[in-house]
Structures are given as structure tokens and as C-alpha cells.
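1. requesting a structural model of the entry that follows:
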Amino acid sequence: MNMSALRAWLRKDGWLLGAILICVLLSLFFAHGDSSGAPDEGISRVLSEIAGAGQVEVCVYYDDAVPCGALVVAQGAGDVAVQLRLTSAVSALLGIDRERIAVYPRQGGR
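-> As a prediction, the model looks like this:
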């Protein structure tokens, strides 16, 4: 297809391309989690396998569907070594800087 034919097609059927593009973008925007409403559940499960971590909950913050920060609450986070391991793991999993990850111990050690 040469450029003049492409331009003619876009003038004639460009709305169809635009509609498809909008559908793809909307599906990408709304599809960054599973259907259970708990997209960070898998991350919590993986992090709970780290030595000393215990039960872990994770909340990931997104900016335009890109992870930009995380809050981790873990049973074993009272230990500095566990905090460092969790921070390193979250950084590796999500590709975010360590400074944007906060790790805290669970209340009551539950």
C-alpha cells in the first residue's frame, strides 16, 4: 500500500482505526489486575515465601497504569534484614526504586 492509498483509506475509514485504537487502550488501562479485585494478591503470596517475612499484604500505587510505589505490611518486618529483603524483592518485581517502597511490621505480629 503506497502513501497516497493509505491517506485515502484513513480519510475514508479512519474512524474505524480510531475506534479500534480506543478499545485497545481502554482494555489495557482496565486490565492490570485479576477479576477478583485483588491485583496485588499474587505479589503478597510471593513475598510471604521470603525467609522471615510471614504473612504479607501489599498495596501497589499506579500512575497511568505504571507502578510508581508500594506499601508492604509483613509479619516479620520488625527485623531489618527482612525489611531489606522485602524492599529488594518488590523493587525487582515491579521495577520501581527502593525509595518508593515502604515496609512496615504488622500490628500485633499477626
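
2. what about the residue lying closest to Ser48 once chain neighbours are set aside, how many neighbours?
-> Nearest non-adjacent residue to Ser48, counting by CB to CB, 6 or more residues apart in numbering: Val56, 4.4 Å away. All C-beta atoms are positioned from the backbone trio N, CA, C, and that covers glycine. Number of residues near Val56 (other CB atoms under 10 Å) recorded here: 26.

3. what's the per-residue pLDDT of Val56 here?
-> As predicted, Val56 sits at a pLDDT of 93.

4. is it in a bridge, and if so with what?
-> Bridge pairing for Val56 (DSSP bridges) gives the partners Ala74.

5. and if you look at the one 5 residues further on?
-> Beta-bridge partners of Tyr61, counted by DSSP bridges, are Gly69.

6. which parts of stretch 86-95 are buried?
-> Neighbour counts over stretch 86-95 (16 or more other CB atoms under 10 Å) mark 86-87, 89-91, 93-94 as buried.

7. which of those residues fall in helices?
-> 86-87, 89-91, 93-94 (DSSP state H).
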